[in-house]
Each structure stands twice: as structure tokens, then as C-alpha cells.
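Undergrad: With the sequence up front, the predicted model follows.
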Amino acid sequence: MNIAVQAVTTMLVGLLLLAVLWPSPRSGRNLLRRWLTEEPSAEQVGVAVRYLKRRRLWYPVLFVALSLVASPLLPADSDRGGSAVAGYLWPLLCGMLLAELADLRPRRDVLRAASLRKRTLTDLVPGWALVVFGLFTIVTVFLGVLGVVYREPVQALLREHSSQVDAYVAVLMLEQSPRPAFATGFAIACAVIVPAIAWTAMARPTRDDPDVDTALRRRSARVAFGLGIAVQAVLLQIVCAPLDNPLTVLKGMLSLLPGPVQYAHSLSFIFNRVAPVVGLLGWICSVFPHRPRARTRSAVG
């Protein structure tokens with residue numbers, strides 16, 4: 001019964017999101033105004049609307065499928081942030097990937113064009129986004145693996161000193177903190193999906209208007225990395241949780257812990273506070289790029 005309720009709920013969320021985000025000529029025009037330097041024509045707006053429809057039609061199905069697959073994998077005491085990432089952010093990434101993969105298939109009704117210059121990833125995504133995404137991925141996986149390996153030994157060590165108040169409180173906080181295995185697995189999957197979206201955006205055949213084609217490629221790759229940075233920021237906070245506050249209360253007893261755990265605690269203290277801000281800024285700067293003032297197509301008389 002719980003599975004049925006969850007399926008209906010996530011389907012409704014997906015349908016509601018699809019209804020709110022359903023592409024229209026206005027949304028297509030706004031998209032191109034953000035990514036082009038000139039005012040888009042009606043034909044270019046039509047291309048943008050089709051581009052958005054191909055991506056957003058996947059949302060209802062993916063919301064149900066991914067939430068049902070992820071829920072059995074979540075341990076009973078897992079942090080709800082992990083299920084939120086699984087239920088609401090992953091459908092967006094997977095929808096983009098499926099749409100880009102579908103665009104790799106040649107279409108007979110559209111004239112293809114070849115680019116004289118070979119595209120590279122940095123043509124579509126700024127270097128800072130690659131660095132931030134890579135850094136967040138490495139730190140998340142590193143801290144997540146340490147959290148999985150050392151969680152039980154640290155709890156056992158602290159129980160031996162539970163007569164001291166700090167150790168007793170730390171044990172209670174560790175028991176209530178999220179287990180990092182699920183978030184670590186998601187971080188690894190995100191590290192595969194996001195570059196795959198950028199690669200398919202870079203490799204798909206050139207169609208339609210060349211200017212619009214280039215703009216939509218950049219949009220796909222940059223939104224993927226922006227969303228990837230936001231996802232990794234959430235996952236980074238989840239894996240930092242058991243290494244940050246529960247160990248902070250130990251104060252002078254930190255020297256009892258293994259060296260890698262002490263190092264991970266220092267990293268967690270920093271990234272647990274930096275990740276939300278950097279994740280939000282990374283998303284905003286990726287999705288809302290700076291561009292020159294739009295030029296109109298009308299001639300000056």
C-alpha cells in the first residue's frame with residue numbers, strides 16, 4: 001500500500017511539474033533570449049519549444065520509476081535528504097540524459113550540417129564549473145567512503161569511553177546521523193551522468209538553425225553541470241553530517257580517533273558550511289549565463 005501511495009504521489013508531483021513547466025512559445029523565446037545574442041525569430045522559437053518538450057515529457061515517468069527504485073535501497077534510519085535527492089533531482093538529470101541520447105539518432109526530415117571546428121567540453125561548459133563539480137565529487141566520495149569504513153569502529157571506540165559525557169553525546173549523535181553509503185553511491189552515479197549529458201550534447205548531429213543549435217548545446221551542458229553541482233552539494237552535506245557535529249562535541253578527545261577520521265572531520269567542518277553556498281551559486285551562474293545585450297533584427301532607418 002505504501003508503494004502504491006508513493007507511486008501516485010510522485011506521479012502527481014511529476015505531472016504538476018510538467019504542467020507548470022510545459023513549454024510555450026513564450027518560454028521558448030525566453031530561453032533563446034538567455035542563450036542567444038540576437039532577438040530570436042518565430043522559427044527559432046519553435047526549435048526551442050521542441051527542445052524543451054523532448055526533455056520534460058520524461059518527468060512524470062522518471063519521478064515514479066526513480067523513487068520506487070531508490071526507496072528500497074534507503075536504510076530505515078537514512079537521512080531524508082538522500083530520498084529527496086533521489087525523488088526530485090534525479091528525474092531532472094535523467095530526463096536530460098534520455099533526451100540527449102534520443103537526439104543522437106539521425107532524423108531523416110532534417111538537413112544535417114557539419115561543423116568545421118571540433119567541439120570540446122570547454123566550448124560548452126566554463127572551466128570553473130568543471131573544477132567545482134570535480135572537487136565536490138572527489139570530496140563527497142572520499143568522505144563518504146571514510147564514513148562507511150570508520151563509522152562502526154569509531155562508535156565502538158566511543159562506547160568504551162561512554163562514561164565521559166562528550167563521548168556519550170557523540171555516540172548518540174552518530175546513531176541519529178545519516179549513513180553515507182547511499183549518498184556516496186549517488187555521488188558516483190552523478191559523476192557519470194553529468195559528463196554523459198555534456199558529451200551527448202557535444203556529439204549529437206547539427207540540425208536546424210546553427211546559432212540555435214549551438215545555444216541549445218551550451219544550455220544542455222551548462223544546466224547539467226549546474227544541476228550536478230547542486231546535487232553534489234546536497235550529497236556532500238549528507239556525508240559530512242556524521243563526521244562534523246558528532247565529532248565536534250568530543251573537543252579534547254579527538255586525539256583518540258584514527259588519523260584519517262581526524263582529517264575527515266576537518267574537511268567536513270569546512271565543506272559542510274561551504275557546500276550550500278557554492279552549490280547555489282554554481283547552479284545560478286550555470287543556468288543564468290551572462291551575455292551581451294540583445295540586438296534586434298530590425299534595420300536602422
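TA: Thanks, I have the structure now.
Undergrad: The strand or helix carrying R222 - what's its average pLDDT?
TA: For R222, the host element (DSSP states H and E) is helix 210-240. Averaged across helix 210-240, pLDDT comes to 88.
Undergrad: Point out the other helices and strands that it packs with.
TA: helix 25-35, helix 42-56, helix 80-84, helix 90-103, helix 121-124, helix 127-160, helix 181-203, helix 259-287 (3 or more C-beta pairs under 8 Å, 6 or more residues apart in numbering; DSSP states H and E). C-beta: built from backbone N, CA, C; applies to glycine.
Undergrad: What average pLDDT does the third one get?
TA: Looking back up the chat, that one is helix 80-84. 52.
Undergrad: got any ranges where the stretch 1-150 of the chain has weak pLDDT?
TA: By pLDDT under 70, the weakly predicted segments of the stretch 1-150 of the chain are 1-7, 37, 66-91, 103-117.
Undergrad: what's the distance between W283 and G46?
TA: 28 Å (C-beta to C-beta, to the nearest Å).
Undergrad: So the two - more neighbours on which side?
TA: Between W283 and G46, counting by other C-beta atoms under 10 Å, W283 is the more crowded of the two (19 against 15).
Undergrad: you'd agree the more buried one is up against A230?
TA: Yes - taking contacts as C-beta atoms under 8 Å, W283 lies within contact range of A230: 4.5 Å.
Undergrad: Does I193 touch L98 like I think?
TA: No - at 10.5 Å, I193 does not count as touching L98 under the criterion of C-beta under 8 Å.
Undergrad: List the buried residues of the helix holding R222.
TA: For helix 210-240, the neighbour count (16 or more other C-beta atoms under 10 Å) marks 212-240 as buried.
Undergrad: Check stretch 272-288 too.
TA: For stretch 272-288, the neighbour count (16+ other C-beta under 10 Å) marks N272, A275, V278, G279, G282, W283, C285, S286 as buried.
Undergrad: From M96, how far out is the nearest residue to the last one once chain neighbours are set aside?
TA: What it means is S286. Distance criterion C-beta to C-beta, 6 or more residues apart in numbering; nearest residue to S286, sequence neighbours excluded, is G226 at 2.8 Å. According to C-beta to C-beta, G226 and M96 sit 11 Å apart.
Undergrad: still on that earlier bit, please produce TSV containing the helices and strands packed on helix 210-240, extended by distance to V64.
TA: Shown next, in TSV, are the helices and strands packed on helix 210-240 (distance: least, C-beta to C-beta, whole Å):
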stretch	distance to V64
helix 25-35	25
helix 42-56	15
helix 80-84	14
helix 90-103	9
helix 121-124	31
helix 127-160	27
helix 181-203	18
helix 259-287	25
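Undergrad: so which of these comes closest to A19?
TA: When the helices and strands packed on helix 210-240 are compared for distance to A19 using C-beta to C-beta, the nearest one is helix 42-56, at 10.1 Å.
Undergrad: list the helices and strands that closest one packs on?
TA: Right, helix 42-56 is packed against helix 2-21, helix 25-35, helix 90-103, helix 210-240 by 3+ C-beta pairs under 8 Å, 6+ apart.
Undergrad: got those as a markdown table, with distance to F142 columns?
TA: Listed next are the helices and strands packed on helix 42-56 as a markdown table, based on distance: least, C-beta to C-beta, whole Å:
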| stretch | distance to F142 |
| --- | --- |
| helix 2-21 | 32 |
| helix 25-35 | 35 |
| helix 90-103 | 22 |
| helix 210-240 | 9 |
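Undergrad: mind checking which of these is nearest E152?
TA: Checking the helices and strands packed on helix 42-56 against E152 by C-beta to C-beta gives helix 210-240 as the closest, at 16.0 Å.
Undergrad: Just want the angle from that closest one to helix 25-35.
TA: Taking axes from the mean of the first three to the mean of the last three C-alpha atoms, to 10 degrees, helix 210-240 and helix 25-35 form an angle of 80 degrees between their directions.
Undergrad: quick revisit: can you check which of the helices and strands packed on helix 42-56 gets nearest to V132?
TA: helix 210-240 (5.6 Å).
Undergrad: ok and that closest one relative to helix 259-287, angle-wise?
TA: Going by the same axes, to 10 degrees, helix 210-240 makes 150 degrees with helix 259-287.
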